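Undergrad: Build the 3D model from these lines:
(2 chains)
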Amino acid sequence: MTEKDSVFLDVFNQNKSKVFHLCYGYTGDTDTANDLMQETFIKVWQNMDKFRKQSQLSTWIYRIAVNTCLSYLRVEKRKATDEINDHTLETLAEEKSDKQEQIAQLYKCIAQLEEHERIIITMVLDEVPYAEIAEISGISEGNLRVKIHRIKSKLTEIYNSHERF
Amino acid sequence: MKDFEALKILWHEQRIHPALSAEEIVSTIKAKQSDMRRRLTFQVFTIAGVLVAAIAIWLLIPFQTWTSHFALLIIAICLTYYFIVQMDSNRSFQKHENLIAEPKAYIQFLKSYKSMRNRLNTRNYYIYESCICLAFALYFVELYFVLPLWLFLMLALATAMWVIYCHRVLIKDYVTKENAQLQELIDHLEKLDRQFEENAP
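TA: Numbers count the residues shown, from 1 in each chain, chains lettered A, B, ... in the order given. Next comes the predicted model:
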């Protein structure tokens, strides 16, 4: 194993879950999320030598992941955002526990948000610092705080409206 | 009823994990790299082969007129130019440097890449095409003296038809497809970028 391979392994293991959550939250489909995650890490590998530590490594990787997600175009017409992907349901239904059902519900609610809101909220849920989210999404921190407040309320409202039924 | 903090706790309890390992990704990268190397090698050998063939024809066939020599020189220059430009263009897109930048900068990169490709596929291609046509026309001067008239006319007609087909159908199809792909990507990114913008509702 080369030095680059072992550095990459560390980088991958430290960031894989967050990148996967971002891709999964954005697409609502595990297969596509895995494809986007793979594409993200391929770009990370290709550009690793160019990383100059002007920002944190995780910020840099998130930026690549966000741009990869944004560049993702579905070949088939997109389903309505309030319909969770069948595959997602199947995957999550395999785990019968209440908790996993609630998580499936949470993903279903995230799927109802606007695309940029899905990206921001998955980072918030993964506890990425606001300054880092602002840098990744290219908007000011002040504006981001307002947006996050709005998205949090929207998500909570959607989730609770589903839970009532 | 759950508040956002409860949703966050729920989020951290998820057991959905990526199905990929770092080893799989590294092996995919290495497979892609070797595939890319194979394709580049193939392109290099193909163009080198065509160039060698052109030079061999130049040296081995005793052309009667200076126009044929000039035609071969033009073809050799055109082939080399087109090859270098294509390689350079592929390399610039594969670098992915702009993916490191913010979404806005990435859109800017795609726009400049699209206009660069447009220049290459229109103005530069027409110059290239004109040079190739000139080369053929110069070579046909010699053919006029060595071939029977009916054969000369047939060859000239076939060449002209091929050039017209490339000009009116092949390159237009190629440009339309490439433009549509890039434009779709830019439109999608711009639509999302507007959502990120400060004044978006």
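Undergrad: Output the longest helix belonging to chain B.
TA: If you go by DSSP state H, chain B has its longest helix at helix B:22-60.
Undergrad: other SSEs contacting that one?
TA: helix A:3-27, helix A:30-47, helix B:66-94 (3 or more Cβ pairs under 8 Å, 6 or more residues apart in numbering or on different chains; DSSP states H and E). Any C-beta I mention is one placed from the backbone N, CA and C, and that applies to glycine too.
Undergrad: Residue ranges in chain B under the pLDDT threshold?
TA: Counting by pLDDT under 70, the low-confidence segments of chain B come to B:16, B:33, B:36-37, B:40, B:89-103, B:195-201.
Undergrad: so which of the helices and strands packed on helix B:22-60 gets nearest residue B:41?
TA: For residue B:41, the closest of the helices and strands packed on helix B:22-60 is helix B:66-94, at 11.9 Å, according to Cβ to Cβ.
Undergrad: Please give the centre-to-centre distance between stretch B:46-58 and its chain.
TA: Centroid separation for stretch B:46-58 versus its chain: 22 Å, with Cα atoms, centre = their mean, to the nearest Å.
Undergrad: follow-up on the earlier one: will you turn the helices and strands packed on helix B:22-60 into TSV that also has distance to residue B:125 and mean neighbour count?
TA: Formatted as TSV, the helices and strands packed on helix B:22-60 follow (distance: least, Cβ to Cβ, whole Å; neighbours: other Cβ atoms under 10 Å in any protein chain shown):
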stretch	distance to residue B:125	mean neighbour count
helix A:3-27	38	19
helix A:30-47	29	21
helix B:66-94	9	15
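Undergrad: Residue nearest the middle of chain B, spatially speaking?
TA: What sits nearest the mean C-alpha location of chain B, by Cα atoms, centre = their mean, is residue B:86, with 5.3 Å.
Undergrad: In stretch A:127-141, which of the residues would be classed as buried?
TA: A:128, A:132, A:133, A:134, A:135, A:136, A:137, A:138, A:139 (16 or more other Cβ atoms under 10 Å in any protein chain shown).
Undergrad: Can you tell me which of those comes closest to chain B?
TA: Proximity of the buried residues of stretch A:127-141 to chain B (Cβ to the nearest Cβ) peaks at residue A:138, which lies at 3.6 Å.
Undergrad: what are the phi and psi angles of the closest one?
TA: phi 70, psi 30 (degrees, to the nearest 10).
Undergrad: Tell me which helix or strand comes right after the lowest-mean-pLDDT helix or strand in chain A.
TA: One helix or strand of chain A scores below all others by mean pLDDT, DSSP states H and E: helix A:86-93, with a mean of 49. Where DSSP states H and E defines the elements, the next helix or strand beyond helix A:86-93 is helix A:98-110.
Undergrad: tilt between the very next helix or strand once past that next one and helix A:3-27?
TA: Sequence-wise, the next helix or strand downstream of helix A:98-110 (DSSP H and E) is helix A:115-125. Interaxial angle, helix A:115-125 versus helix A:3-27 (axes from the mean of the first three to the mean of the last three Cα atoms, to 10 degrees): 120 degrees.
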